[in-house]
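Participant: What would the 3D arrangement of this be:
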Amino acid sequence: MGASKVHDFGAWAAHLAPGFAVRRGTNVGRYSLTTAPEALRQLFDFHAGSNLEPRYNIAPTQPAPVVRSAAGGVGRELVMLRWGLIPSWGKEASIGNKMINARSETVAEKPSFRSAFHNRRCLVPADSFYEWRREGETKQPFRIGMKGGPAFAFAGLWESWQGTEGEAAIETFTILTTVANRKLHPIHPRMPVILDPKSYQIWLDASPDNTEQAFSVLQPFPDEPMAFYRVSSRINSPRNDDAECLKPISDFG
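Facilitator: Here you go, the predicted structure:
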């Protein structure tokens, strides 16, 4: 599992020309994870997990890797959960289609996310995410990540939902969002909560006396380490999940 160095953001500009419309609405609707499993293990310190295949265009309702506290609270585990949180009280699994993101400002109070925020926090590994901005008559997709292309973690929540009696429980997750930093705001007014590695354990610690500290790490990630570039509309379809999704279409530096 590993992405080509040519698409690691290192040579690409990190600014946009003004004059285009900033898109409103849901953000973090697609992301990638192409980092080698051993590198992920070192970064997130989880027990041996699945032999992950590169994912270039992870979309809602699909299974994706999540890191959470292991059963019994000893260590961390990497598990495959479905993207789109289904609250435990949900009547139908389809409600998860609308729960791919949770606003960090209200996550502690919203009925859909409140229990998971207090009890079931997780890390969502990624090495980029995609966002669209309207430019004239088209919506231009951008790939956004860190300079040099290292993996990072979104702040996430997970939940277990029991559907029809006798069926196996479905475990799902959502990604938290916050206001965009200055660099990303010209693309979208919000961005995923990207956690500093020093905050990973703070976020995962679900003990009752840690809730306030966990809430405090839900901040916009700093501008300087981040970069982005335009990619093709190929990313629009979740059926396209290959290295071509990462290919830049222009350099505007």
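
Participant: Quick check: pLDDT value at N51.
Facilitator: For N51, the pLDDT comes out at 81.

Participant: Excluding chain neighbours, give the residue nearest to the residue nearest to the spatial centre of the chain in space.
Facilitator: Nearest to the mean C-alpha position of the chain, by Cα atoms, centre = their mean, lies F154 at 4.6 Å. Spatial nearest neighbour of F154, excluding adjacent residues (Cβ to Cβ, 6 or more residues apart in numbering): V124 at 4.1 Å. All C-beta spots, glycine's among them, are computed from the backbone N, C-alpha and C.

Participant: Surely A206 touches S115?
Facilitator: No. With contact defined as Cβ atoms under 8 Å, A206 and S115 do not form a contacting pair (10.8 Å).

Participant: Pick out whichever of the two has more residues nearby.
Facilitator: Neighbour count, other Cβ atoms under 10 Å: between A206 and S115, A206 has more, with 18 against 14.

Participant: what helix or strand does the more buried one sit in?
Facilitator: Assigned by DSSP states H and E, A206 belongs to neither a helix nor a strand.

Participant: need the contact list for it.
Facilitator: Applying Cβ atoms under 8 Å, 6 or more residues apart in numbering to A206 gives the contacts 69, 118-121.

Participant: Can you say which two of those residues are spatially most distant?
Facilitator: Spanning the widest gap among the contacts of A206 are S69 and H118, at 13.7 Å by Cβ to Cβ.

Participant: Okay, the nearest residue in space to P54 that is not next to it in sequence and G145: tell me how far apart.
Facilitator: Closest residue to P54 apart from its sequence neighbours, by Cβ to Cβ, 6+ apart: T34 at 4.2 Å. T34 sits at a distance of 10 Å from G145 (criterion: Cβ to Cβ, to the nearest Å).

Participant: which residues sit against stretch 113-124?
Facilitator: 44, 64-68, 85, 87-88, 99, 102, 107-108, 153-159, 173-175, 195, 200, 203-204, 206, 208, 211, 214.

Participant: How about stretch 215-226?
Facilitator: Contacts with stretch 215-226, where a contact means Cβ under 8 Å, 6+ apart, come from 14, 104, 107-108, 144-147, 155, 176, 178-184, 191, 193-196, 199, 202-203.

Participant: Narrow these to those in strands?
Facilitator: Residues of those located in strands (DSSP state E): 144-146, 155, 176, 178-179, 191.

Participant: can you pull the buried residues of stretch 225-239?
Facilitator: Residues 225-231, 234-235 are the ones in stretch 225-239 that count as buried (16 or more other Cβ atoms under 10 Å).

Participant: What is the most widely separated pair among those?
Facilitator: P225 and R234 (26.6 Å).

Participant: returning to that earlier point: more neighbours, T34 and G145?
Facilitator: Neighbours were counted for T34 and for G145 using other Cβ under 10 Å; G145 has more, 28 against 22.

Participant: which stretches of this protein form strands?
Facilitator: Going by DSSP E, the chain shows strands at 30-33, 55-58, 63-69, 76-83, 101-103, 121-126, 128-135, 138-146, 152-161, 170-179, 190-192, 226-230.
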